[in-house]
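Trainee: Next one to model:
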Amino acid sequence: MNDMAEQWIRKCVKNGLFDYSSHAICRMVERQIEDKKIIECILYGKVVELQPQFKDIHVIFQEATDKDPEIYTVVAAAYPYPLVVTVCRTMEEVWECYNGLLRRREKK
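Mentor: Numbers count the residues shown, from 1 in each chain. Got it, this is the predicted structure:
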């Protein structure tokens with residue numbers, strides 16, 4: 001089911017069928033992240049985490065890069081189209097990169 005959410009989100013985004021929440025738009029402006037980067041992140045980035053606890057499964061996509069990812073985005077598999085919930089710059093206090101994939105740091 002979760003893989004279906006990821007595939008459906010990517011398919012919709014590839015066809016331009018998605019939307020941004022007002023929160024995501026504010027964060028994009030604040031963090032100076034262009035929509036082109038968000039689309040690339042979703043289409044070509046790795047899935048960091050699936051969050052099935054929400055009404056619409058949320059998928060976290062990290063930036064597609066050979067270096068440590070600088071951004072990630074959270075996308076809800078909402079109906080009728082996916083919704084970009086938020087856009088973030090990677091914070092070292094929260095995330096670590098292990099073999100090219102972001103993962104949450106263990107809480108101390």
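
Trainee: in the helix or strand harbouring residue 37, what counts as buried?
Mentor: Here residue 37, judged by DSSP states H and E, is contained in helix 35-44. Neighbour-count burial for helix 35-44 flags 37-42 (criterion: 16 or more other Cβ atoms under 10 Å). C-beta coordinates here come from the backbone N, C-alpha and C atoms, glycine included.

Trainee: cool, stretch 86-93 as well?
Mentor: 86-88, 90.

Trainee: Can you show me the strands along this protein?
Mentor: Secondary structure of the chain (DSSP state E): strands at 19-20, 47-51, 58-62, 71-76, 83-89, 95-98, 101-104.

Trainee: Compute the mean per-residue pLDDT across the shortest one, please.
Mentor: Pointing back at strand 19-20 there. Across strand 19-20, pLDDT averages out at 98.

Trainee: residues in contact with that strand?
Mentor: 28, 35, 81-84 (Cβ atoms under 8 Å, 6 or more residues apart in numbering).

Trainee: out of these, who has the most neighbours?
Mentor: Neighbour counts for the contacts of strand 19-20, by other Cβ atoms under 10 Å, peak at residue 84, which reaches 27 neighbours.

Trainee: Look up the residues forming beta bridges with that residue.
Mentor: residue 20, residue 75 (DSSP bridges).

Trainee: give the contact list for the spatially most central residue of the chain.
Mentor: Closest residue to the average C-alpha location of the chain: residue 73 at 2.5 Å, with Cα atoms, centre = their mean. Going by Cβ under 8 Å, 6+ apart, residue 73 touches 24, 38, 41-42, 60-61, 84-88.
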